[in-house]
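Q: Got a predicted structure plus its sequence, pasted below:
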Amino acid sequence: MNLKNVEKKEKNTVVLTIEIDAKEFDAAVNKVYRQAKGSINVPGFRKGKAPRKLIEKMYGANVFYEDAINELYPDALEAAITEAGLNVVGYPDTKLEHAGPDGLLFTVTVGVKPEVKLGQYKGIECPKETVEVTDEDVENELKPLISRATTQETVERAAEMTDTAVIDFEGFKDGVAFEGGKGENYELKLGSHTFIPGFEEQVVGMTTGEEKEINVTFPEEYGAAELAGAAVVFKVKVNSIKADVVPTIDDEFAKDVSEFETLDELKADLRAKVEKRKTDAAQSSFEVSVMNKVIENAEVEVPDTMVEYELDKQIQNFQNQVKAYGMTMDQYLGMMGTNIQEFRDNQRAGCLHSIQNDLVLEAVVNAEGIEASEEEIEAEIKKLAEQYDREVDDIREMVTTDQVAFGVKMQKAGDLIVENAVVVEA
């Protein structure tokens, strides 16, 4: 292998020109011939006994070239990358320039890990949301508890909005019943907007045993094409009406739905939880804003091949998640009304930002000489074990100490940036 030329291009891309001489290429061709000759039939010769020159004459001089190139290429590329001293990222793009008795010549375009030129990363000024918990916030936290404690009772009166009407129904288009338009003893929460617009409003006022024809029009964007925008008639019968019985919100309610003895104690706990949630969200938003400024202040050009490589990993992980829910990627994309290329394009900007984030953090690790102690590494391994509900020994088999140490150092770099940031008014 002869590395003839190393040419640096824009966006941390390098083109390698690699040459393999005639002797090395012929040796590879001969090796492939020996491996393949046993499966080649040549009239007048037993299997495996036909000379190479005769096979090349029959099937073409380049009959063994492709396999010989595949034999030589991986080692030649690795040797060229090592000789050039490159830290390659992503997939190489290879172009065969020449192949013949006099040898091979090919060019390989590779992305290399970018060098980051840090700008300001300490003393970054960013606004931070002021956390305020209102009485309305607390009341909203109470609503799910009230909903779970709410019961229903059958009433003998006309149906009202918020009641649950137990109905039989059947839908007709142009006098013909349509598929999926029939139900019996269906519990319809009036005001829930689960049925076609206008349906629930016409059930309001009906009484138990009453039958009625309800006229509605399906939305233009309705999923079933044959019903989209169609005017239909539903024959509806009310079997019973159930009204919600909302509990009295007092100390007894608090005892029933929580571990607290009084409503004031319950509300105080809910207020604290809302405050923590808002505080965490404000801190997270602040940290993201600070890191975004650090990235903006830095100079880092990410090669396209690096982005495409990371995109492939992300999409593969997403496919695995979708598969865990019993779906294929095509089924998911169909539900979302998109295709794999659009999905990929939508993920590209976020993927690029994630790469920039990691590269900048790594540059801060190097600039600050950040290290990970054995205690910190052990603590992180235990944390991972708890997070994934695995044994510590399992985690040690899944990740190396160097990988854990790298993660610790990256986290410490992020902490350093945030700790040195300055909160300013918006």
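A: Nice, I can see it. Residues are numbered from 1 along each chain as shown.

Q: Name the residues of the top helix by length along the chain that are buried.
A: Under DSSP state H, the helix in the chain containing the largest number of residues is helix 263-297. For helix 263-297, burial by neighbour count (16 or more other CB atoms under 10 Å) applies to 263, 266-267, 269-271, 274, 278, 286-287, 289-291, 293-295. The way it works is simple: take the backbone N, C-alpha and C, and place the C-beta from them, glycine included.

Q: can you give me the strands in the protein?
A: Under the criterion DSSP state E, strands of the chain are mapped to 2-9, 13-21, 88-100, 103-112, 125-127, 151-154, 164-173, 176-189, 211-217, 231-245, 422-424.

Q: Dump those to CSV, plus mean pLDDT, mean neighbour count and distance to Gln341.
A: As requested, the strands of the chain are exported to CSV (pLDDT from 0 to 100; neighbours: other CB atoms under 10 Å; distance: least, CB to CB, whole Å):
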stretch, mean pLDDT, mean neighbour count, distance to Gln341
strand 2-9, 94, 12, 26
strand 13-21, 96, 19, 23
strand 88-100, 94, 15, 18
strand 103-112, 95, 20, 21
strand 125-127, 96, 14, 36
strand 151-154, 96, 11, 50
strand 164-173, 97, 18, 38
strand 176-189, 94, 13, 33
strand 211-217, 96, 14, 36
strand 231-245, 97, 17, 38
strand 422-424, 94, 10, 42
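
Q: What is the neighbour count of the residue nearest to Glu287 when sequence neighbours are not counted?
A: With sequence-adjacent residues excluded and distances taken as CB to CB, 6 or more residues apart in numbering, Glu287 is closest to Val418, at 5.2 Å. For Val418, the count of nearby residues is 16 (other CB atoms under 10 Å).

Q: residues contacting Val418?
A: 286-287, 290 (CB atoms under 8 Å, 6 or more residues apart in numbering).

Q: Please tell me the pLDDT value assigned to Gly337.
A: With respect to pLDDT, Gly337 scores 85.

Q: where's it relative to Gly350, distance?
A: For Gly337, the distance to Gly350 equals 20 Å [CB to CB, to the nearest Å].

Q: Just the pLDDT for the residue nearest to Glu287.
A: According to the prediction, Val418 has pLDDT 97.

Q: One more: Glu275?
A: We have a pLDDT of 97 for Glu275.

Q: and the closest residue to it other than its chain neighbours, how many residues sit next to it?
A: Spatial nearest neighbour of Glu275, chain neighbours left out: Val133 (4.9 Å); criterion: CB to CB, 6+ apart. Residues near Val133, counting by other CB under 10 Å, number 18.

Q: List the residues that contact Val133.
A: Contacts of Val133 (CB under 8 Å, 6+ apart): 271, 274-275, 278.

Q: quick one: which of the residues you listed is nearest Val63?
A: Closest approach to Val63 among these (CB to CB): Lys278, at 71.3 Å.

Q: isn't the closest one right up against Thr134?
A: No: Lys278 lies out of contact with Thr134 (CB atoms under 8 Å); the separation is 10.5 Å.

Q: Ser147: neighbour count?
A: Residues near Ser147, counting by other CB under 10 Å, number 10.

Q: Distance check, Glu371 against Val32.
A: According to CB to CB, Glu371 stands 50 Å off from Val32.

Q: Also Ala272?
A: Counting by CB to CB, the gap from Ala272 to Val32 is 73 Å.

Q: Could you check which of Gly337 and Gly350 has the larger neighbour count?
A: Comparing Gly337 with Gly350 by neighbour count (other CB under 10 Å), the higher total belongs to Gly350, at 11 against 7.

Q: Is Pro300 in contact with Glu362, as I believe?
A: Not quite, residue 300 is Val, not Pro. No: the pair Val300 and Glu362 fails to qualify as a contact (CB under 8 Å) at a distance of 10.3 Å.

Q: shared neighbours, those two?
A: Taking CB under 8 Å, 6+ apart as the contact rule, the neighbours common to Val300 and Glu362 are Val116.

Q: In contact with the residue of the chain most remote from its centre, which residues?
A: Within the chain, Gly44 marks the point farthest from the mean C-alpha position, 60.6 Å out by CA atoms, centre = their mean. By CB under 8 Å, 6+ apart, no residues touch Gly44.

Q: Pick the one among the buried residues of helix 263-297 closest to Ile55.
A: Set against Ile55, the nearest of the buried residues of helix 263-297 by CB to CB is Ile295 (58.5 Å).

Q: distance of that closest one from Glu308?
A: Counting by CB to CB, the separation of Ile295 from Glu308 is 20 Å.

Q: With Arg344 instead?
A: Distance from Arg344 to Glu308, counting by CB to CB: 9 Å.

Q: Equivalent analysis for Lys95, please.
A: For Lys95, the distance to Glu308 - CB to CB - is 17 Å.

Q: where's stretch 23-30 relative to the chain centroid, distance-wise?
A: When C-alpha coordinates are averaged (CA atoms, centre = their mean, to the nearest Å), stretch 23-30 and its chain have centres 46 Å apart.

Q: Quick check: mean pLDDT of that stretch?
A: Across stretch 23-30, pLDDT averages out at 94.

Q: List the buried residues in it.
A: Here stretch 23-30 shows 24-25, 28-29 as buried, counting by 16+ other CB under 10 Å.

Q: can you check stretch 28-38 too?
A: Buried-residue list, stretch 28-38, by 16+ other CB under 10 Å: 28-29, 32-33, 37.

Q: ok, now which ones touch the nearest residue to Val290 once chain neighbours are set aside?
A: Spatial nearest neighbour of Val290, chain neighbours left out: Ala421 (4.5 Å); criterion: CB to CB, 6+ apart. With contact set as CB under 8 Å, 6+ apart, Ala421 has these partners: 123-126, 286, 290.

Q: would JSON lines of the residues you listed with distance to Glu376 be doable?
A: Output for those, formatted as JSON lines (distance: CB to CB, whole Å):
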{"residue": "Gly123", "distance to Glu376": "26"}
{"residue": "Ile124", "distance to Glu376": "25"}
{"residue": "Glu125", "distance to Glu376": "30"}
{"residue": "Cys126", "distance to Glu376": "27"}
{"residue": "Phe286", "distance to Glu376": "24"}
{"residue": "Val290", "distance to Glu376": "23"}
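
Q: which of those residues lies closest to Ile69?
A: Val290 (50.3 Å).

Q: which residues sit in contact with the closest one?
A: 124, 126, 417-418, 421.

Q: so how far is Gly350 from it?
A: The separation that Val290 has from Gly350, given CB to CB, amounts to 18 Å.

Q: before we move on, what about Asn357?
A: 10 Å.

Q: All good on my end, thank you.
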